[in-house]
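Enquirer: what's the 3D shape of this:
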Amino acid sequence: MLISIAEAAEHAAAHAEHGGLFSDPETWVAITWLIVVSLLARPVFRGITAALDLRREKIRARIDEAERLCAEAQELLSTYQRKQREALQEAKDIIANAQAEAERQAAQAARDLEDLLKRREQQALDRVAQAEAEAVRAVRNKAVDMAIAATQTLIANHLRADQASALVDAAIKDLPERLH
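Expert: Okay, here's the model as predicted:
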């Protein structure tokens with residue numbers, strides 16, 4: 001624009017020799033062009049400024065929105081990190097409780113096994129004692145049977161008939177006392 005004005009001024013100076021600056025139509029075109037440009041420059045400048053201001057406000061709104069979203073994202077991140085730490089702690093607690101429970105159950109199983117072994121041992125000892133008592137009874141019964149057989153043989157071989165009769169009568173008399 002300055003170049004055009006400078007050219008117009010040179011041109012006007014060159015034509016001033018021919019009748020003055022205002023007698024040349026190019027001077028009037030240049031002046032008119034300057035007036036039109038100056039009249040149009042203000043609204044165009046306002047329009048450009050308004051468009052730039054609007055664009056700046058849109059950009060500012062986007063930046064504010066981005067900052068708000070960033071803050072929300074940071075808050076969500078911290079919330080999820082806290083929840084993750086809580087979940088990890090809860091998992092550690094569950095594992096610790098499970099281990100403690102497993103140890104407690106293992107100890108209880110050991111005690112139960114020991115009790116079972118003691119009961120089985122006692123049952124085996126009771127069976128041995130019962131078998132021993134049966135064996136003693138069987139030996140006693142066998143000894144009684146052998147003593148009776150030996151006594152019968154002795155009595156039959158060495159006892160006279162009148163002595164045998166007296167022994168039988170005495171045994172029959174003692175029988176009611178022995179049964180009660």
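Enquirer: In which helix or strand does Gln84 reside?
Expert: Using DSSP states H and E, the element containing Gln84 is helix 25-158.
Enquirer: ok, then the element right after that helix?
Expert: Taking DSSP H and E, what comes next after helix 25-158 is helix 161-179.
Enquirer: what is the orientation angle of that next one with helix 25-158?
Expert: 150 degrees (axes from the mean of the first three to the mean of the last three Cα atoms, to 10 degrees).
Enquirer: Low-confidence stretches in the chain?
Expert: 1-6, 8-21, 180 (pLDDT under 70).
Enquirer: which ones are touching the residue nearest the centre of the chain?
Expert: What sits nearest the mean C-alpha location of the chain, by Cα atoms, centre = their mean, is Ala91, with 4.2 Å. With Cβ atoms under 8 Å, 6 or more residues apart in numbering as the criterion, no residue contacts Ala91. Using the backbone N, CA and C atoms, a C-beta is placed for each residue, glycine as well.
Enquirer: Let me know the distance separating it from Ala98.
Expert: From Ala91 across to Ala98, the span is 10 Å (Cβ to Cβ, to the nearest Å).
Enquirer: burial count for Leu159?
Expert: 14 (other Cβ atoms under 10 Å).
Enquirer: roughly how far apart are it and Val168?
Expert: Leu159 is 11 Å from Val168, by Cβ to Cβ.
Enquirer: same check, this time on Glu90
Expert: 95 Å.
Enquirer: what does Ala138 give?
Expert: 29 Å.
Enquirer: Kindly report the same for Arg120.
Expert: From Arg120 to Val168 the distance is 54 Å (Cβ to Cβ).
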